[in-house]
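# coordinates for the following, if possible.
(one chain, ligands or ions: 1)
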Amino acid sequence: MTTVLVTGIEPFESDPTNPSWDIAQALDGTQVDGAVIVARQLPCVFGLANERLVDAIEATSPALVFALGLATGRTEISVERVAINVIDARIPDNAGNQPVDTPVVADGPAAYFSTLPIKAIVHALREAGVPAGVSQSAGTYNCNHLFYGLMHHIAMRAPQVRGGFIHVPTTPELAARHAGRPSLSIDTQIEGIRLAVRTALATGADLKVSGGAVH
Ligand code: PCA
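Okay, the predicted model is just below:
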């Protein structure tokens with residue numbers, strides 16, 4: 001049976017939970033159109049998160065990898081387009097490390113693109129009433145580093161795997177701790193990621209529709 005690896009990240013900064021892991025955990029062991037979802041939690045630690053991700057890929061041999069992370073402040077499920085080869089941490093990670101302007105992979109290419117059908121996923125989620133959009137930057141913290149590590153591993157060692165990164169908004173419960181932050185219920189987020197998996201399984205070539213923004 002086809003395996004889809006969905007990863008979430010442990011809580012970080014001051015939050016008691018991380019919705020990215022709550023979503024992955026809720027989907028763990030469930031089937032989507034003949035594929036089974038396997039979930040793994042990754043540490044919010046530079047370097048170690050990428051080692052654990054590679055271990056999980058090697059242990060589960062997935063066809064698809066969806067790495068999830070929390071982006072407090074985002075208003076919608078954000079399907080990331082590009083991972084960049086830089087870490088510029090605003091806060092220390094859970095091991096106390098705070099790299100500034102260091103590459104994720106020394107001598108690696110400047111960037112990698114997601115190999116998920118990002119436009120098709122956004123279209124499917126919006127059609128289903130789940131707020132979603134393409135994001136042109138996963139930031140420069142742990143999630144971008146994880147996304148870059150994923151795409152670098154795929155490029156170098158696992159070209160048969162398709163993968164990418166999705167940032168999720170915070171939940172109402174967490175937003176209540178951060179006044180003014182937008183949120184989306186965990187049930188809507190779980191359904192959104194399930195639908196993203198279904199869409200990626202069913203989509204070879206991505207849709208050619210505009211997902212850009214003029215800022
Ligand atoms: N979000 C952070 C790191 C862990 C997480 O869930 C980020 O966007 O980098």
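# which elements pack onto the host helix or strand of residue 79?
Under the criterion of DSSP states H and E, residue 79 resides in strand 77-80. Contacts defined by 3 or more CB pairs under 8 Å, 6 or more residues apart in numbering; DSSP states H and E place strand 77-80 against helix 118-127, strand 132-135, strand 162-168, helix 186-202. Yep, even glycine has a C-beta here, placed from its N, CA and C like the rest.
# tell me the buried residues in the first one?
The neighbour-count criterion (16 or more other CB atoms under 10 Å) identifies 118, 119, 120, 121, 122, 123, 124, 125 as the buried residues of helix 118-127.
# show me what that helix is packed up against.
Going by 3+ CB pairs under 8 Å, 6+ apart, helix 118-127 lies up against strand 77-80, strand 132-135, helix 186-202.
# give me the residues contacting the last one.
In this case it means helix 186-202. With contact meaning CB atoms under 8 Å, 6 or more residues apart in numbering, helix 186-202 is reached by 2, 4, 6, 19, 22-24, 26-27, 30, 32-33, 35, 37, 64, 66, 68, 77, 79, 116-117, 120-121, 124-125, 128, 130, 132, 162, 166, 168-169, 171.
# can we see that at 7 Å?
Counting by CB atoms under 7 Å, 6 or more residues apart in numbering, helix 186-202 makes contact with 4, 6, 19, 22-23, 26-27, 32-33, 35, 37, 64, 66, 68, 77, 116-117, 120-121, 124-125, 128, 130, 132, 162, 166, 168, 171, all of which sit outside it.
# show me what from this protein comes close to the ligand.
Contact residues, the chain versus the ligand (CB under 6 Å from any ligand atom): 9, 12, 18, 20, 44, 69, 70, 71, 139, 141, 142, 143.
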